[in-house]
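[1] Below: sequence and its predicted model.
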Amino acid sequence: MSLRGTPARIGEVFNARYQVIGKLGYGATSTVWLARDMNCCNYVTLKIFITSTSIGQQLDGELNMYKCLERGSKSHPGRKAVGMLLDSFDVNGPTDKHRCLVHPPLWESVLTFLRRNPIHRLPVPVMAAVLKYLLLALDSLHSKCKIIHYDIKSDNIMLGIADDSVFAHFEESELQTPSPRKELDDGRIICESRQLRMPKNFAPPVLCDFGLAMPGDIDEHLEDIQPNFYRAPEVILQIPWSYSVDIWNAGCVAWDMFEGEFLFTGHDPELQIYRSRAHLAEMIALLGPTPPSLLAQGRLTSKFFSEKGEFCAGIPLQHPVSLEERETTLKEQPEDREKFLCLMRKMVQWEPGKRSSAEELVQDEWIHAHS
C-alpha cells in the first residue's frame, strides 16, 4: 500500500465526466486509477500526479509532446502503438492542485509480464510482436511527429487489451470486495491497488511515457540521456545525437527482453557501480574498437581514450566476446538465430549513421517470420 496519496476517492467524479472505479497502481510521481468516461461509457485510466515544481516542469514538457503526437499522421500504422492523451485537467487536493492525464486503459507493462516468467524472457512470437510495434511506434515518432523518446525500457512498453470484460470484472470485484483503504489526517484516502485479470485477447503493445521525450528537429542535442544500461556511445562520449539513439536503445531493450539479461551493464570492477568507462569497455569487447571517426567528434573522448584512440580509462579491457557467444535463447535453431543476430547488428552499431532506421527495421526478415 502506498503511503503517498493523491486526491482520488472511489466513486468520485472528476471534471464532471470521469468516475473513479478503483486504483490500478502507483509510482514515485503519480497514482493510476481505472475510471469510466460518463460521456461515452468507455473505460479510461486517470494518472494523477503529486505536486512538485520539478514534476510540474516535466509535465509541461510531456503535454507539449502529446500535442506533437496529435499533429502526426493518424493513418500511420505506428499510431496505435503510441500512447495517446485523451484529456488533461487539474484536480484540487487538500493543499494544492494535481495534474490529471487521461489515457486509454492498458493491461500491464512488458517488465511486469517478464517477471511472471521464471526465466524472465519473452517467447519468440511475443518478442517479435513487441519489437514490431515498438519499431512502428518509433517510425511514427521519428518520421511523422519529429520526436525522440530516449527513455525506452520494458516498463514503458504496455500490453494492450482487446477485451473490455477485463475492466468490467475489475469494476464488479471492487463493488463486491472493496479494496482496503485508510484516511490520513489531512483528509487524503490511501487505497490499495487491485490488479486487472489477464485478458482473453490482447491489442498491440503501446510505447508510453513521454515525460522525457524531446523534439528531434533541432540542430544539436548534447544532453546526457537514456537509462544507464541503454545509453548509446554518442551519449557517453558527448557527441551530438539524434533519432538513432532510440534505435540503439530499442536494440538493447530487445536483447534484455529476449535473452533475460542486459547486453551492457556498465558495472565498474573497481567502484562496483555503474560507470561510463565500464560501459565503453563492454562495448569494445562486443563491437570491437571504437571507430576513429566517432572518437574525433566526442567532447569527452579524452576522458576515456588516448590521442591514438587507445582505451585508457583506468580499468582493463575485457576479453572480446561475440553476439553468438552471448545469445542463448535460439541455440537449437541456428538459421533463426542468425537472422535474429543480424537484426541486433542493424541496431547496436557504434556509428549512429550505420544503424538502420525504424522504418527499415520493421521490414526485417526475423520480425516478419514470427509476427
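    Good, I have the coordinates.
[2] domain parsing for this protein?
    Per the TED database, the structural domains of the chain span 1-104+163-198, 106-162+201-370.
[3] tell me the mean pLDDT over the shortest one?
    Same thing as domain 1-104+163-198. Rounded to a whole number, the mean pLDDT of domain 1-104+163-198 is 86.
[4] Check the offset of that domain from the chain's centre.
    Its chain's C-alpha centre and that of domain 1-104+163-198 lie 19 Å apart, by Cα atoms, centre = their mean, to the nearest Å.
[5] when you give positions from now on, start the count at 42
    With 42 as the first residue, the last one maps to domain 42-145+204-239.
[6] Tell me which of the domains of the chain sits most buried.
    Of all these, domain 147-203+242-411 has the most neighbours on average by mean count of other Cβ atoms under 10 Å, namely a mean of 18. C-betas here are computed from N, CA, C, even on glycine.
[7] beta partners of Asn83?
    Counting by DSSP bridges, Asn83 is bridged to Asp78.
[8] Am I right that it is in contact with Arg77?
    Yes. If you go by Cβ atoms under 8 Å, Asn83 and Arg77 touch, sitting 7.4 Å apart.
[9] all helices of the stretch 242-391 of the chain, in order?
    In the stretch 242-391 of the chain, the helices defined using DSSP state H, counting those that start in this stretch lie at 274-277, 285-300, 317-328, 333-336, 342-345, 364-367, 375-388.
[10] show me what contacts the residue nearest to Thr153 when sequence neighbours are not counted?
    In space, and not counting its chain neighbours, Thr153 is closest to Asp196: 7.6 Å by Cβ to Cβ, 6 or more residues apart in numbering. Residues near Asp196 by Cβ atoms under 8 Å, 6 or more residues apart in numbering: Ser150, Val151, Leu152, Thr153.
[11] Could you list the low-pLDDT ranges of the stretch 192-341 of the chain?
    By pLDDT under 70, the low-scoring segments of the stretch 192-341 of the chain are 227-229.
[12] quick one, strands of it?
    198-202, 222-224, 230-232, 243-248, 255-256 (DSSP state E, counting those that start in this stretch).
[13] Redo those strands as JSON lines? Include distance to Phe345.
    Converted to JSON lines, the strands of the stretch 192-341 of the chain look like this (distance: least, Cβ to Cβ, whole Å):
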{"stretch": "strand 198-202", "distance to Phe345": "31"}
{"stretch": "strand 222-224", "distance to Phe345": "52"}
{"stretch": "strand 230-232", "distance to Phe345": "47"}
{"stretch": "strand 243-248", "distance to Phe345": "32"}
{"stretch": "strand 255-256", "distance to Phe345": "25"}
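[14] Between the ones you listed, which one is closest to Gly301.
    Proximity to Gly301 (Cβ to Cβ) singles out strand 198-202 among the strands of the stretch 192-341 of the chain, at 16.2 Å.
[15] residues making contact with the helix or strand containing Arg156?
    Using DSSP states H and E, Arg156 maps to helix 151-157. Helix 151-157 has contacts (Cβ under 8 Å, 6+ apart) with His161, Arg162, Leu163, Val171, Lys194, Ser195, Asp196, Ile198, Met199, Leu200, Pro246, Met298.
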